[in-house]
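Visitor: Next come a sequence and a model predicted from it.
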Amino acid sequence: MTVILNSSLISILQGPEWKGVSESAIDLIKQLLCKPANRLKAAEVLKHPWMLQEASKDEQPLNLNYQLLKSFTNAERLKKAALTVIASKMSEDEIKDLSEQFTKLDKNGDGVLTFEEMQAGMIKNFPLEIMGKD
């Protein structure tokens with residue numbers, strides 16, 4: 001199953017409170033914290049390797065940073081509202097063009113533009129300006 005996570009969630013899962021958490025447990029969490037269409041069903045969760053092999057052995061409590069999780073949730077709501085406002089002000093052609101440009105920049109197809117992908121796109125489309133030449 002392909003799991004698509006945004007950069008905010010990835011940074012949360014790499015925080016210090018996750019250092020003692022097994023890779024299998026993190027994999028399960030990633031498969032639960034994704035878009036509903038990609039999310040594991042209850043029966044699939046029960047068949048996940050962590051549930052079958054490690055859940056009963058794992059006695060270490062998870063030291064969660066609830067403030068970080070709360071800020072992630074709030075940021076996602078704000079981002080969704082901002083995108084809705086922006087999209088409502090654009091024509092269908094503008095939205096299509098923006099989507100095409102994003103797809104061209106997103107070289108690995110993960111739905112997230114990295115600094116390197118943005119930089120490569122800028123150099124390709126504006127080489128003289130980026131290099132400081134007029």
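Guide: Arrived safely.
Visitor: Check which element follows the biggest helix by length in the chain along the chain.
Guide: For the chain, the helix that runs over the most residues, judged by DSSP state H, is helix 66-88. Downstream of helix 66-88, the first helix or strand assigned by DSSP states H and E is helix 92-105.
Visitor: quick check: angle from that next one to helix 66-88?
Guide: Comparing the axes of helix 92-105 and helix 66-88 via axes from the mean of the first three to the mean of the last three C-alpha atoms, to 10 degrees yields an angle of 130 degrees.
Visitor: just for this protein, where's the confidence low?
Guide: 1-12, 56, 58-64, 127-134 (pLDDT under 70).
Visitor: which helices and strands does the longest helix of the chain pack with?
Guide: If you count contacts as 3 or more C-beta pairs under 8 Å, 6 or more residues apart in numbering; DSSP states H and E, helix 66-88 packs onto helix 7-13. For glycine as for every other residue, the C-beta is placed from the backbone atoms N, C-alpha and C.
Visitor: which other helices and strands contact the helix or strand just after the helix it packs on?
Guide: Toward the C-terminal end, the helix or strand that comes next after helix 7-13 (DSSP H and E) is helix 23-32. The criterion is 3+ C-beta pairs under 8 Å, 6+ apart, and the helices and strands that helix 23-32 contacts are helix 7-13.
Visitor: 10 Å instead, please
Guide: Helix 23-32 sits against helix 7-13, helix 42-46, helix 49, with contacts defined as 3 or more C-beta pairs under 10 Å, 6 or more residues apart in numbering; DSSP states H and E.
Visitor: distance between that helix and the chain's centre?
Guide: 14 Å (C-alpha atoms, centre = their mean, to the nearest Å).
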